[in-house]
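Chemist: Take a look and give me a structure for this.
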Amino acid sequence: MLSPPPPRDQPHKLIEDPHQSLPSNTSLRSSSLASSAFNFPKFYSLPPFFTRQPVMRTYLKQLHLWEQLLLSYAAHYRIYCLHVKHGVFFNETIHRGLEMGFIRDIFLDLVKQQKAEWISLEDTPLMFNDEGERVGDEIRIYWKNKEEWATEIWNWVLETGREGSVCTIYELREGETSEGSSFHGMDLDMMKEVLDVLERRGKAVRMGEEGVKFTRD
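Modeler: You can find the predicted model right below:
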């Protein structure tokens, strides 16, 4: 169970070098969790990183750092969905956590960049940020975009000789034949959207909700 976020601190100066690079250890693995722990960047241990900065220029740098951190973190652990209550937003070591409103603003910015999508926004209570924009509690995060995922699945089809064959979505996501592939364990709704991309390319034909036929070139 996550600890509740601490009371809001007074604004602090953000890190001296807000553009320092994030770790690049984002290799994909066949299990839902990478075998090695994620190497958090140094600024994750600084209390100011968890406090919304009042100066716009500094705030935008802070927003960018959080977004890059989330994309790197999600890729490392192969996380496809993020909720505002996910543990990454609270650092137990320094007892600092992001406010829910700030997390939703990070989510919204990722959505605007097409690096995320809201999940079931129509089924959640109406929530708006200070600018009057609709926000939610959960996103589907794209550490690779749909086009990139579609290409990876098609490359797998070619490598495994499955042109002209029929697969169930279960086989693609959880079957033995796809173990070791980059998309094994993908979120169900995300998988369907990626297959829609392949269908638009003329590389696949969806067969109801559960199956897909890959075409031949």
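Chemist: any idea how far Asn129 is from Lys112?
Modeler: To Lys112, Asn129 is 12 Å away according to C-beta to C-beta, to the nearest Å. Every residue, glycine included, has its C-beta placed from N, CA and C.
Chemist: Between these two, which is the more surrounded one?
Modeler: Neighbours were tallied for Asn129 and for Lys112 using other C-beta atoms under 10 Å; the higher tally belongs to Asn129 (13 against 10).
Chemist: Excluding sequence neighbours, find me the nearest residue to that one.
Modeler: Once flanking residues are discounted, Asn129 sits nearest to Val135: 5.3 Å by C-beta to C-beta, 6 or more residues apart in numbering.
Chemist: so that neighbour sits right up against Phe107, yeah?
Modeler: Yes - between Val135 and Phe107 there is a contact under C-beta atoms under 8 Å: 6.7 Å.
Chemist: More neighbours: the two, which one.
Modeler: Phe107 (25 against 22).
Chemist: quick one: the more buried one is in a strand?
Modeler: No - applying DSSP: H, G, I helix; E, B strand; the rest coil, one finds Phe107 to be helix, outside a strand.
Chemist: my guess is it contacts Glu133, does it?
Modeler: No - Phe107 is beyond contact range of Glu133, at 10.9 Å (criterion: C-beta under 8 Å).
Chemist: Helix, strand, or coil at Glu199?
Modeler: Counting by three-state DSSP, the backbone at Glu199 sits in helix.
Chemist: Neighbours of it, how many?
Modeler: Neighbour count of Glu199, defined by other C-beta under 10 Å: 16.
Chemist: What ranges in this protein fall below the confidence cut-off?
Modeler: Scanning the chain for pLDDT under 70 picks out the ranges 1-35, 121, 123-124, 126.
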